[in-house]
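> just to be clear, the model below is a prediction. Sequence and coordinates:
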Amino acid sequence: MNLPRHVRLVEVGPRDGLQNEKQPISVADKVRLVDDLSAAGVEYVEVGSFVSPKWVPQMAGSAEVFAQIQQKPGVTYAALTPNMQGFEAAMLAGVKEVAVFAAASEAFSQKNINCSISESLQRFVPVMDAAREQGVRVRGYVSCVLGCPYEGEVPAQQVAAVARELFEMGCYEISLGDTIGTGTAGKTRALFETVGRDIPRDKLAGHFHDTYGQALANIYASLLEGIHVFDSSVAGLGGCPYAKGASGNVASEDVLYLLDGLGIHTGIELAALVQAGERICQVLGRDNGSRVARAWRGA
Ligand SMILES: CC(C)(COP(=O)([O-])OP(=O)([O-])OC[C@H]1O[C@@H](n2cnc3c(N)ncnc32)[C@H](O)[C@@H]1OP(=O)([O-])[O-])[C@@H](O)C(=O)NCCC(=O)NCCSC(=O)C[C@@](C)(O)CC(=O)[O-]
């Protein structure tokens, strides 16, 4: 398999990253982060989510964030919407692209969105219809594709079934989430091979958490499987509120360093991305989860 010339990085730090922080984060700090990311050349930013503030308090204020960011032409600014209520709120906030999220494990689906997998898929149908009517693109997520914090092993066929439903419903791309970061390169390849039988590989994305330090290896394995879109989070921010012990997403800076080293273009400038990560870490008063950023600081 030849490596691609271009990879699209979906920056999930402002959403997947910040949703897990314990301390309050101001709208101004979120806006600054999103603007720093687009200034670094990031072409796709997941800005926030329109979910229940009782479930995920950090994402309250997403509408204000959308109102205040400087939207650069050519950059996609997206939000998570779990149901029609979320979709309608996103439309009022002027959001142009949304994502729906399902899980490959029943227990995780219940903990995360309070319904079964099949109920969640039914909830997405009106969202897909409304999105189609309004010309809004919808991305689909499947969580727990390489393991579940409650159920353990998750069969690849189960992942493929959920991914296929989302794709057939009209999601233009399906991001497969290793929510708890237990995946290995071998399992990652096998997963994409299974899911790739039903969905073209250029419609699949990889979303890796780094709990076991395997995320970069899994990304390389995915590249070998013909996957060209990866989700990552600046400074490795994040975790998952419903997956205890899950560490942050793979750090965008580390993924970029890998891709730059392979001669794969992303349009993102590493120095500016490192700076964006350092700034938000200062705001949060936390360590930078990117090894590349830490190495640069020490250099
Ligand atoms: C899905 C629900 C809303 C169901 O929650 P529910 O309690 O079953 O919802 P409900 O329809 O029964 O409504 C209950 C209350 O929630 C409100 N409500 C209902 N919907 C909305 C909405 N859209 N926005 C704002 N409020 C909402 C609704 O108005 C009502 O308010 P009340 O009358 O009690 O005041 C809830 O479970 C929820 O918000 N969950 C959040 C899940 C979440 O955001 N998880 C993190 C993102 S997923 C993730 O991180 C994984 C991923 C994508 O990154 C990939 C990976 O790594 O695996």
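Nice, thanks for sending it over. Numbering: from 1, shown residues only.
> can you map out the strands along the protein?
Using DSSP state E, the strands of the chain run over residues 8-11, 44-49, 76-80, 97-103, 137-143, 173-178, 204-208, 229-232.
> ok, and what's touching the third one?
This means strand 76-80. 15, 34, 43-51, 59, 62, 66, 69, 71, 86, 90, 93, 95-101, 139 (C-beta atoms under 8 Å, 6 or more residues apart in numbering). To be clear about C-beta, it is placed using only N, CA and C from the backbone, and glycine gets the same treatment.
> rounded mean pLDDT for it, please.
In this model, strand 76-80 has a mean pLDDT of 98.
> and it, how far out from the chain middle?
Offset of strand 76-80 from its chain centre (C-alpha atoms, centre = their mean, to the nearest Å): 10 Å.
> that one to strand 97-103, inter-axis angle?
For strand 76-80 against strand 97-103, the angle between stretch directions is 40 degrees (axes from the mean of the first three to the mean of the last three C-alpha atoms, to 10 degrees).
> in its sheet, what does strand 76-80 sit against?
Here strand 76-80 is paired, per DSSP bridges, with strand 44-49 (parallel), strand 97-103 (parallel).
> between that strand and strand 137-143, how many degrees?
Using the same axes, to 10 degrees: strand 76-80 against strand 137-143 is 50 degrees.
> what comes up buried for strand 76-80?
For strand 76-80, a neighbour-count test (16 or more other C-beta atoms under 10 Å) marks 76-80 as buried.
> again, but for stretch 46-64
For stretch 46-64, a neighbour-count test (16+ other C-beta under 10 Å) marks 46-52, 56, 58-64 as buried.
> also near the ligand: which of the contacts of strand 76-80, exactly?
Restricting these to those near the ligand by C-beta under 6 Å from any ligand atom leaves 49-51, 86, 101.
> would you check which pair of those lies furthest apart?
For those, the farthest-apart pair by C-beta to C-beta is Phe50 and Phe101; their separation is 11.9 Å.
> mind listing the shared neighbours of the two?
Common contacts of Phe50 and Phe101 (C-beta under 8 Å, 6+ apart): 80, 82.
> thanks again, I'm all set now.
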